[in-house]
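> Using only what follows, build the 3D model:
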Amino acid sequence: MKVQELRQMLSGAERSLVEKAFVESYKQLKKYQKEEADYLIRTILSGESEISAAKKQKQSFGELEAQIETFLENAKAGNYYAPNRVIPKSQRPKWRFLVKGYIKELEKVTPESGHYERASELLRKIYALLCEACNYYLFSTEDAFRSVGWRQEELFHLLASMTFGCGFSEENVAAMTIMACTGGLSRESLYYGQQAVLLSELKTSDVKYMAMEIIKKEIRERQGKLTGLGKYDHQRYYLEEEIDNFCDLFLLLSLSLSETGSGVKYYFKNSTDSDREIVLYRALEVADIMGDDEAWKEIYKYGLSKKIKPRDELKKKYQEKLQGKGDQKWTD
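Okay, the predicted model is just below:
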């Protein structure tokens with residue numbers, strides 16, 4: 001049902017029925033959703049939101065910066081989730097409205113203002129916090145991005161745009177490359193989403209190659225850490241996941257540069273899954289994201305050259321894409 005349809009339905013209903021429908025709908029919410037809704041309901045019914053908006057005064061960037069840093073400090077300390085004497089219980093649900101406001105204000109900062117670089121840094125900190133909140137309870141929610149009304153890839157797009165608005169320095173490219181592959185995910189997101197956004201922001205071959213070198217460095221560092229871990233060490237899972245995410249982005253960049261051959265070789269060499277058929281499947285998913293049928297077929301044939309037996313689903317897909325061209329010979 002659309003919002004307008006709901007409004008029309010409510011406008012003609014008796015008050016007692018509206019109250020009953022509201023209460024029964026509220027009962028269907030999960031605990032964390034009720035906690036999110038409670039503050040909003042109280043605020044709307046008290047008219048507080050309208051009063052606050054009327055009294056809102058323009059603040060300086062320095063004041064905004066100080067507020068954000070204080071918020072970040074309290075959030076990381078768990079003061080918006082666990083009982084404490086710093087943030088009153090009645091104020092803890094407000095975190096989502098604070099974040100919405102902070103993002104809105106940071107988005108308004110222009111490159112000419114003199115605060116643009118600092119604004120992008122603060123947005124990066126907020127984004128990183130929301131990612132962390134998807135892995136650990138920092139707030140009473142199971143999806144911090146949804147709670148603040150942003151899809152993760154959309155907020156990442158804003159972040160990447162502002163970051164690169166300050167220039168494509170190695171530091172900026174590295175920050176966005178790492179954040180596209182690590183951190184934490186909303187329940188509605190995949191790392192592919194952030195990676196596709198990053199790829200759209202890296203306009204030239206020079207910055208793409210820069211990102212690829214950064215990926216190689218990040219993978220080497222994690223591979224080095226793996227050598228000192230036991231087979232069942234809990235850190236191994238996280239390191240391997242990050243390595244595979246970096247491999248996905250490396251292959252995306254390779255395909256965008258029409259370097260499928262070298263890209264897929266690097267992908268197979270560094271992916272952590274011992275099942276090579278699964279590695280092939282993942283590589284083909286990357287080609288699907290790019291919408292590159294020719295690259296898809298090249299990767300498929302590379303898998304065959306490595307004696308990999310694709311699942312029936314992939315065999316069927318290959319036949320659908322095949323246009324009668326001869327197989328390419330691969331050499332290492």
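> So which elements touch the helix or strand where E121 lies?
Element membership for E121, per DSSP states H and E: helix 116-133. In terms of contacts (3 or more Cβ pairs under 8 Å, 6 or more residues apart in numbering; DSSP states H and E), helix 116-133 is packed against helix 61-76, helix 95-108, helix 144-147, helix 152-164, helix 170-179. (Each C-beta comes from the backbone N, C-alpha and C, glycine too.)
> any idea of the mean pLDDT in it?
Averaging pLDDT along helix 116-133 gives 98.
> And stretch 79-86, by the same measure?
Stretch 79-86 comes out with an average pLDDT of 96.
> Going by neighbour count, list what's buried in it.
79-81 (16 or more other Cβ atoms under 10 Å).
> Can you tell me how far D288 is from W296?
Distance from D288 to W296, counting by Cβ to Cβ, to the nearest Å: 7 Å.
> quick one: least confident helix or strand in this structure?
Lowest mean confidence among the helices and strands of the chain (mean pLDDT, DSSP states H and E): helix 48-55, at a mean of 46.
> so what does the host helix or strand of L198 touch, helix or strand wise?
Secondary structure from DSSP H and E places L198 in helix 191-201. Using 3+ Cβ pairs under 8 Å, 6+ apart, the elements in contact with helix 191-201 are helix 152-164, helix 170-179, helix 234-256, helix 276-290.
> And it, what's buried?
In helix 191-201, counting by 16+ other Cβ under 10 Å, buried: 191-199, 201.
> what does stretch 237-254 give?
Those would be 239-240, 242-254, for stretch 237-254 by 16+ other Cβ under 10 Å.
> what does stretch 178-191 give?
178-186, 189, 191.
> Is it possible to get CSV of the helices and strands packed on helix 116-133 that adds mean pLDDT and distance to Q235?
Formatted as CSV, these follow (pLDDT from 0 to 100; distance: least, Cβ to Cβ, whole Å):
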stretch, mean pLDDT, distance to Q235
helix 61-76, 97, 21
helix 95-108, 97, 30
helix 144-147, 95, 24
helix 152-164, 98, 24
helix 170-179, 98, 17
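> mind checking which of those is nearest S305?
Between S305 and the helices and strands packed on helix 116-133, the tightest spacing by Cβ to Cβ is seen for helix 170-179, at 29.9 Å.
> Report the angle between the closest one and helix 152-164.
Angle between the axes of helix 170-179 and helix 152-164 is 170 degrees (criterion: axes from the mean of the first three to the mean of the last three Cα atoms, to 10 degrees).
> how far does helix 170-179 sit from the chain's center?
14 Å (Cα atoms, centre = their mean, to the nearest Å).
> One more: stretch 225-236?
Centroid separation for stretch 225-236 versus its chain: 26 Å, with Cα atoms, centre = their mean.
> what about that stretch, start to end distance?
9 Å (Cα to Cα, to the nearest Å).
> quick one on the thing from earlier: now find how far off-centre the helix holding E121 is within its chain.
Chain-centre distance of helix 116-133: 12 Å, with Cα atoms, centre = their mean.
> Give me the angle between that helix and helix 61-76.
Using the same axes, to 10 degrees: helix 116-133 against helix 61-76 is 20 degrees.
> I'd guessed R187 sits against S147; true?
No: applying Cβ atoms under 8 Å as the test, R187 and S147 come out as separate, 11.3 Å apart.
> returning to what we had before: quickly name whichever of the buried residues of helix 191-201 is closest to E277.
Among those, Y192 lies closest to E277 (Cβ to Cβ), at 19.8 Å.
> Give me the spatial nearest neighbour of that closest one, chain neighbours excluded.
Once flanking residues are discounted, Y192 sits nearest to I289: 5.8 Å by Cβ to Cβ, 6 or more residues apart in numbering.
> What separation do you get for the one you found and Q195?
8 Å.
> list the residues that contact both of those two?
L252 (Cβ atoms under 8 Å, 6 or more residues apart in numbering).
> quick one: which of the buried residues of helix 191-201 is nearest E320?
Y192 (22.1 Å).
> Pick out the residue nearest the middle of the protein.
Among the residues of the chain, the one closest to the centroid is Q152, at 4.4 Å (Cα atoms, centre = their mean).
> isn't it right up against F145?
Yes: here Q152 reaches F145: they are 4.7 Å apart, a contact under Cβ under 8 Å.
> Now for those two: what residues contact both?
130, 186, 188-189.
> so which of those would you say is closest to A13?
E188 (32.3 Å).
> SS state for that closest one?
Counting by DSSP: H, G, I helix; E, B strand; the rest coil, the backbone at E188 sits in coil.
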